[in-house]
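1. Predicted model and sequence follow; I will ask about them next.
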Amino acid sequence: MAVELEDLTKTYDSGAGVVTALDGVTTHFAEGTFTAVMGPSGSGKSTLLHCAAGLESPSSGAVTIAGIRLSDLGETALTRLRRDRVGFVFQDFNLVSSLTAAQNVALPIRLAGRRADDALVRAALTEVGLGDRAGHRPRELSGGQQQRVAIARALFTRPAVLFADEPTGALDNRTSHQVLELLRGLVDRHGRTVVMVTHDPVAAAVADRVVLLVDGRITDELTGVDAAGV
Ligand code: ADP
Ligand code: ADP
């Protein structure tokens with residue numbers, strides 16, 4: 001499932017004036033590929049990811065996921081698309097501290113008013129190497145384990161596209177490596193499309209393609225062997 005961004009702009013009108021976060025971004029995240037988005041702080045990386053995932057609407061331009069233009073969808077259809085087709089992973093995991101790993105994985109389904117099958121929840125945790133941690137709460141897990149719970153949750157509805165905003169930003173090298181391996185495996189073994197914002201060149205080296213964002217514009221792209229040398 002590919003994601004297309006067409007001439008995306010996003011401006012924020014804050015008290016202090018208008019900020020242009022995205023300034024005409026056009027790109028394509030091909031199905032079954034892993035893209036890293038890099039760039040200085042404030043260059044628009046998070047805004048790009050949020051717009052691409054339908055979490056924010058652009059000021060102008062279009063986002064198309066699997067041939068569906070997000071601006072054509074009503075609120076209900078957009079909510080359903082965000083829930084079922086797209087996964088999102090955050091730097092700080094965003095787990096609910098009072099819930100177990102299993103309950104966190106099941107939460108989006110529960111919030112949608114459906115029942116989560118216990119065996120499927122267990123399988124999702126096993127996939128990320130945490131089959132024996134289903135009953136643990138976030139504070140009883142390491143950072144890397146918490147991020148893997150968050151990834152299991154993001155993947156639970158089997159979305160074809162996973163967006164990750166600095167998924168290793170709060171992790172040490174070793175646990176970062178585990179999370180990156182997991183993301184790489186989603187692309188290589190399951191044909192998922194992954195788009196990851198990162199500051200870390202080591203993380204970016206796992207991607208097939210690196211997109212460089214400066215002042216809300218794509219200024220450079222590296223693919224394949226080049227990407228590993230960033
Ligand atoms: P990055 O992720 O590369 O650090 P962001 O996408 O977070 O960049 O931000 C891009 C620009 O948009 C920055 O100048 C930031 O201050 C501004 N910005 C982001 N979100 C908002 C917001 N909700 N309101 C006002 N300005 C914002
Ligand atoms: P596809 O045919 O698109 O690969 P599958 O039916 O094989 O779809 O299911 C996709 C795979 O994604 C399944 O093996 C599922 O368990 C797996 N999956 C779900 N969550 C995770 C995860 N957290 N890590 C790795 N794989 C996962």
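-> It's in. Numbering: from 1, shown residues only. Ligands and ions are numbered 1, 2, ... in the order given.

2. The helix or strand hosting Thr11 pairs with which strands?
-> Secondary structure from DSSP states H and E places Thr11 in strand 3-14. Note on strand 3-14: by DSSP bridges, its sheet partners are strand 17-29 (antiparallel), strand 60-65 (antiparallel).

3. out of those strands, nearest to ligand 2?
-> Comparison of the strands paired with strand 3-14 against ligand 2 by Cβ to the nearest ligand atom identifies strand 60-65 as nearest, at 15.7 Å. Using the backbone N, CA and C atoms, a C-beta is placed for each residue, glycine as well.

4. who touches the closest one?
-> Applying Cβ atoms under 8 Å, 6 or more residues apart in numbering, the contact partners of strand 60-65 are 1-9, 22, 24-26, 51-52, 54, 69-71, 81, 85-86, 161.

5. same deal with stretch 129-144?
-> 93, 95-102, 104, 121-122, 125, 145-146, 148-149, 152, 170-172, 174-176, 178-179, 182.

6. so how far does it reach from one end to the other?
-> One end of stretch 129-144 sits 11 Å from the other (Cα to Cα, to the nearest Å).

7. is any part of it close to ligand 2?
-> No - judged by Cβ under 6 Å from any ligand atom, stretch 129-144 stays clear of ligand 2, getting no closer than 8.7 Å.

8. Just the buried positions in that stretch, please.
-> 130, 133-134, 136-138, 141, 143-144 (16 or more other Cβ atoms under 10 Å).

9. and which of those residues is nearest to ligand 1?
-> For the buried residues of stretch 129-144, with ligand 1 as the reference and Cβ to the nearest ligand atom as the criterion, the closest is Gly143, at 20.6 Å.
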